[in-house]
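Peer 1: model the structure of this input:
(chains A and B)
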Amino acid sequence: MREAAAAPVQCFFEDVEVNVPLETPGITLTRAHVTLFTGITGEAGQADADTVPSLLPLCLSSGLGWRVPRPPLAVLAFMGFEWRFLASLRVGDTIHSVSRTLTKRNMRDAGVVIEERKIVNQREETVQAGKLTLLVARRPET
Amino acid sequence: MLSYGPVSGHSGTFFEDLAVGQEFTSPGRTVTEADIVIFAGLSGDYNVLHTDAEHMKTSIFGERIAHGLLGLSIEQGLATRGEPAAAHGVLSGLKWKFKGPIKIGDTVHVRSRITAKKDGPDASRGLVAVERQLVNQLGEVVQEGETEHAVERRPE
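Peer 2: Numbers count the residues shown, from 1 in each chain, chains lettered A, B, ... in the order given. You can find the predicted model right below:
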């Protein structure tokens, strides 16, 4: 029989604090990111290798959220989001994300968290922003 | 001359060529374990939902599922293969819902429909709103939403 792996250290619904800003470290956008990403999407007709595909920064921001001094959120499901693309990004730009919880709502077996997130470039300009709705696990009873 | 699609420059489709009500269907694509592994590596999102097969046996999904944003990224790629280039021009905004899981081996395609055309951020571009559904092999809508794109107007 398989030995159980340790339960991941996670930030549960109970641990989520409303209105506390969380800022991630940065990541520099490279041609390697663009190549890997367009390889995954299969996007055709990319005319300029230095233009960053619109969805890539958002995808990277979900990983940046794992590099903050807080365990990752125990996300059970990403339910949906609204997003604005305010300015384009180029290879060589460095982004980070700034987020905060706007509201948290109890459900029967879990909780719904609405997070405001923005992606900021090296000149502190907000290049993308929106709101994400996440289903987050409650702390398991021990 | 034999052509394999736009290599550079403009595709020849402009804001004026798109009409409200136009519908498109993309080819299909099978989502593989490799897609999920590469997406985890690229994004840095290693949530157990996508990376721990044993943990997921005990979850409501029963197995690993694709990242929601992987599904959306695949959707955007598929759209470029099923629509005139202008209909998926530069994204200016989107509203999106993740309705069901995409599992390894599922085959998805995109259904899309142009729902609105309006003036854009400047005189050279208009905005096009497109309703999109990502549908699996069982006909279930696994993701859906609306995207808004800035599309070049035909030069005078």
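Peer 1: spatially central residue for chain A, please.
Peer 2: residue A:62 (2.4 Å; C-alpha atoms, centre = their mean).
Peer 1: against chain B, how distant is that one?
Peer 2: 4 Å (C-beta to the nearest C-beta, to the nearest Å). Just so you know, the C-beta spots here come from the backbone N, C-alpha and C atoms, and that holds for glycine as well.
Peer 1: is that residue in a helix, a strand, or coil?
Peer 2: Taken by DSSP: H, G, I helix; E, B strand; the rest coil, the conformation at residue A:62 corresponds to helix.
Peer 1: try the one 5 residues further on
Peer 2: Using three-state DSSP as the criterion, the local structure at residue A:67 reads coil.
Peer 1: show me the strands in chain A, by range?
Peer 2: Along chain A, counting by DSSP state E, strands occupy A:22-23, A:27-28, A:75-85, A:94-106, A:110-120, A:126-137.
Peer 1: and of the ones you listed, who's closest to residue B:104?
Peer 2: For the strands of chain A, the distance to residue B:104 is smallest for strand A:75-85, at 17.3 Å, taking C-beta to C-beta.
Peer 1: report all helices and strands that the closest one contacts.
Peer 2: Counting contacts by 3 or more C-beta pairs under 8 Å, 6 or more residues apart in numbering or on different chains; DSSP states H and E, strand A:75-85 packs against strand A:126-137, helix B:68-79, strand B:90-98.
Peer 1: could you check the angle it makes with strand A:110-120?
Peer 2: In terms of direction (axes from the mean of the first three to the mean of the last three C-alpha atoms, to 10 degrees), strand A:75-85 departs from strand A:110-120 by 30 degrees.
Peer 1: let me know the pLDDT of residue 89.
Peer 2: Chain wasn't specified; assuming chain A. pLDDT for residue A:89: 96.
Peer 1: right idea, wrong chain: chain B
Peer 2: Looking at residue B:89, its pLDDT is 75.
Peer 1: look up phi and psi at it.
Peer 2: Note on residue B:89: backbone dihedrals following degrees, to the nearest 10 are phi -60, psi -170.
Peer 1: thought residue B:149 was touching it, still the case?
Peer 2: Yes - in this structure residue B:89 lies within contact range of residue B:149 using C-beta atoms under 8 Å: 4.3 Å.
Peer 1: tell me which of those two has more neighbours.
Peer 2: residue B:149 (25 against 22; other C-beta atoms under 10 Å in any protein chain shown).
Peer 1: low-confidence ranges, chain A, go.
Peer 2: A:1-2, A:44-47 (pLDDT under 70).
Peer 1: how about the residues of it by chain B?
Peer 2: Applying C-beta under 8 Å from any C-beta of the partner chain, one finds that chain A approaches chain B through A:2, A:5, A:8, A:33, A:36-45, A:47, A:53-55, A:58-60, A:62-67, A:72, A:75-85, A:88.
Peer 1: if anything else comes up later, I'll come back, but that's it for now.
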